[in-house]
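>>> Sequence first, then the predicted structure:
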Protein chains: 2
Amino acid sequence: MLNFNYCNKANIIFGKKEEENTGKYTAQFGKRVLLHYGMNSIKKTGLYDKIIKSLNDYNLEITELSGVKPNPVLSMVNKGIDICRKKNIDIILAVGGGSVIDSAKAIAVGAALPEKENIWEYFMDKSKKINNAINIGVVLTIPATGSESSTSCVITNEDGYYKRSIGTSAFIPKFSILNPEITYTLPAYQTACGCSDIISHLMERYFTQVKNVDLTDRLIEASIKTVLINGMYALKNPTDYNSRAEIMWAGTLAHNGLLNTGRIGDWASHYIEHELSGIYDIAHGAGLSIITLAWIKYVYKENIDKFLQFAQRVFSIDIIEDKEKAVFEMICSLENWYNKMGLPTRLSHVNIDNSRFEEMAKKAMVAREHVGNFKKLYFDDIIKILELAL
Amino acid sequence: MLNFNYCNKANIIFGKKEEENTGKYTAQFGKRVLLHYGMNSIKKTGLYDKIIKSLNDYNLEITELSGVKPNPVLSMVNKGIDICRKKNIDIILAVGGGSVIDSAKAIAVGAALPEKENIWEYFMDKSKKINNAINIGVVLTIPATGSESSTSCVITNEDGYYKRSIGTSAFIPKFSILNPEITYTLPAYQTACGCSDIISHLMERYFTQVKNVDLTDRLIEASIKTVLINGMYALKNPTDYNSRAEIMWAGTLAHNGLLNTGRIGDWASHYIEHELSGIYDIAHGAGLSIITLAWIKYVYKENIDKFLQFAQRVFSIDIIEDKEKAVFEMICSLENWYNKMGLPTRLSHVNIDNSRFEEMAKKAMVAREHVGNFKKLYFDDIIKILELAL
């Protein structure tokens, strides 16, 4: 186990009807609120009206910035920064999933920068440190990215379609309201993609070369099993509170830093996937189900025992004949689960061919020495993983 | 799963040599430090000198209050409150285990009360709410109580030897420094008692009547397995960093509120044990190994399936013949583990007879409607559990 520092100050308010308390929590951080959200779905479900009512109950001054799309873009972030500066915003309230929250995070940091500085420079140059942000509050609608209490933020720059992430504790929202009932109306595919993203956050942490991480290994296995089981339940019965609640809380814990304590995560699958969904119109979670399987096939020999532990503890696979066979049985089990969830497991399932592999591999390497930590990957490795994913 | 609010702002600094940074973290909260510790062990091990050096490096004004004994007492708390008021202390630095930290917590709250108010009243009357405390920092020497990031505090009033606990988020230390190396010198029995306390914190949470708590069930099982295995390793090789680290981090996570999210804990074993160690000279962890086994025997029929899940997932016990048999096999497995750790599992092992059972049961019921939540226990039930423990 490596030395670590763990501190996550997000106030999680979890449970039925809690969105009705949005005003109470928001008012703790000031009067001028930037209400940030996506397209029209929160209006259709009635969530928008509940939030407005609750904010009005506390006499808050609301400015709206809507229209955040999946894979949030820099132009929207810059628009938000302008509004925050002009209106002297106290708190950005993000109502949505990871895209809206990440957009809010980038705005919150950008608005706290000196005017001459450009937020994008921080995404491209990891040596530039971020220390300040204006307050962020969240009402979560999609359990997936864990952005509701994470230190990370992913933004796409339309100029070249670079998708890049940065991390700082300044990004951690002051509060996040999580009501599983809000997720009842999520389409099955979005539910599945969310589960895939959560599983990936857990696996990216699990597959580390750091030894003696027994407790966090077991906590991650526990979380993965919970999502595997409850993901299936939620697809079968979308209005089942219990499974929706398990997925929602697991999604937060998968990415709030706790399960990374004393370890170094991998993140190659995420980085390679970012190039996929940066270019093609594919959901992040769907890209992850494809890339994760290919990544396992490419890297498992780097530490086969870690994959065997995973196979045994998560999928109850015994090693009867040989180790390789057990690993392949595990890959089949995971692939089966993705398929049952309605997720693609091959690039061909989403009509992506090899024509832009070089472009993606090249972009994944921009401003990076290598991708991934379990096995350090370079241009040629990324091409091979993409080929395995065909 | 019940609605919940989870927020733990403790900054955990974990790993080798981190105690050498005590001054840096303490100085963030002011200049005037009350250094609070127990007897001479931190001087013998050299920890005291390291802490003093680090505090001096940051030119902090140190006032010392030492002499905290196991089962910390109200008279020491009152002494500390006086010092804090007279010297206008900014932060109490607790260097020790749960007793020292709990003493520091009670001092921190007491010093923030109006002068005419008595801290003990808050322990006896749960309707009185605590909102303020002066800052608390911790250097942990014994992984056991989880007090280093918990909301709780247990103090014994020598006037009648009442041992009582209270909880408030104001008790959460601003920072806690956890270096597993510091625990190398713990005697085997103290290591075992610490593990017993951690296991109990996990079991008190696990055995709930709240349904659909899949994720937290699994996280608790993962934590218990980690302590069962690594406890044995640490006893065999006291200077094994890896097992010491697993125990130390598990001890914190067992009691930082996370594993209680959406559930209602039981706490009967803890409350009954408090009366034991409040009267007899017995370590809390040793009292818990005795009481926990008796408690299981007395209550398992209230929800046998929960105990079967525990038996299967934690001890890999299959239900072959009947459910009762599987539960008793689990009790034997747990008893075996306690015995292998050198812990008592019967009152007779620590020379306690039934002569003061009524006194203990009566005291456990003072100012309480019932004890425990898995099964609500009253005077007669407590007597029966103590008899089962003979």
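Sure thing, it's come through. Numbering: from 1, shown residues only, chains lettered A, B, ... in the order given.
>>> When you work out contacts or count neighbours from here on, use the C-alpha atoms and nothing else.
Will do.
>>> Ignoring the adjacent residues along the chain, who's closest to residue A:287?
The shortest distance from residue A:287 to any non-neighbouring residue, by CA to CA, 6 or more residues apart in numbering or on different chains, is to residue A:273 (5.6 Å).
>>> After the helix or strand containing the one you found, which helix or strand is next?
Counting by DSSP states H and E, the element that carries residue A:273 is helix A:268-279. Later in the chain than helix A:268-279, the nearest helix or strand by DSSP H and E is helix A:284-299.
>>> thinking again about what came up before, correct me if wrong: the residue nearest to residue A:287 contacts residue A:291.
Yes: if you go by CA atoms under 8 Å, residue A:273 and residue A:291 touch, sitting 6.5 Å apart.
>>> Report the contact partners of the residue of the stretch 251-390 of chain A found nearest chain B.
Relative to chain B, the nearest point of the stretch 251-390 of chain A is residue A:262 (8.5 Å; CA to the nearest CA). Going by CA atoms under 8 Å, 6 or more residues apart in numbering or on different chains, residue A:262 touches A:1, A:2, A:3, A:4, A:213.
>>> Residues contacting the helix or strand residue A:62 falls within, please?
According to DSSP H and E, residue A:62 maps onto strand A:61-65. Contacts to strand A:61-65, defined as CA under 8 Å, 6+ apart, come from residues A:31, A:32, A:33, A:34, A:35, A:36, A:37, A:55, A:80.
>>> Once you drop chain neighbours, what's closest to the first one?
Here the nearest residue to residue A:31 in space, its sequence neighbours aside, is residue A:60; by CA to CA, 6+ apart that works out to 5.0 Å.
>>> Return the backbone torsion pair for that neighbour.
As for residue A:60, its main-chain torsions (degrees, to the nearest 10) stand at phi -90, psi 150.
>>> what do you get for residue A:108?
According to degrees, to the nearest 10, residue A:108 has phi -60, psi -40.
>>> One more: residue A:347?
Main-chain dihedrals, residue A:347, degrees, to the nearest 10: phi -60, psi -30.
>>> hang on, residue A:96 packs against residue A:140?
Yes: judged on CA under 8 Å, residue A:96 makes contact with residue A:140 at a distance of 5.3 Å.
>>> Those two - which one has more neighbours?
Taking other CA atoms under 10 Å in any protein chain shown, residue A:96 and residue A:140 do not tie; residue A:140 has more neighbours (26 against 23).
>>> Kindly report the residues of the stretch 201-350 of chain A close to chain B.
Counting by CA under 8 Å from any CA of the partner chain, the positions of the stretch 201-350 of chain A adjacent to chain B are A:212-215, A:218-219, A:222-223, A:226, A:242, A:245-246, A:250.
>>> do that again at 10 Å, thanks
Proximity of the stretch 201-350 of chain A to chain B, by CA under 10 Å from any CA of the partner chain, involves residues A:211-227, A:229-230, A:241-243, A:245-247, A:249-250, A:253, A:258, A:261-262.
>>> What about the residues you listed, which are in helices?
When DSSP state H is applied, these are split such that A:214-227, A:229-230, A:241-243, A:245-247, A:249-250, A:253 fall in helices.
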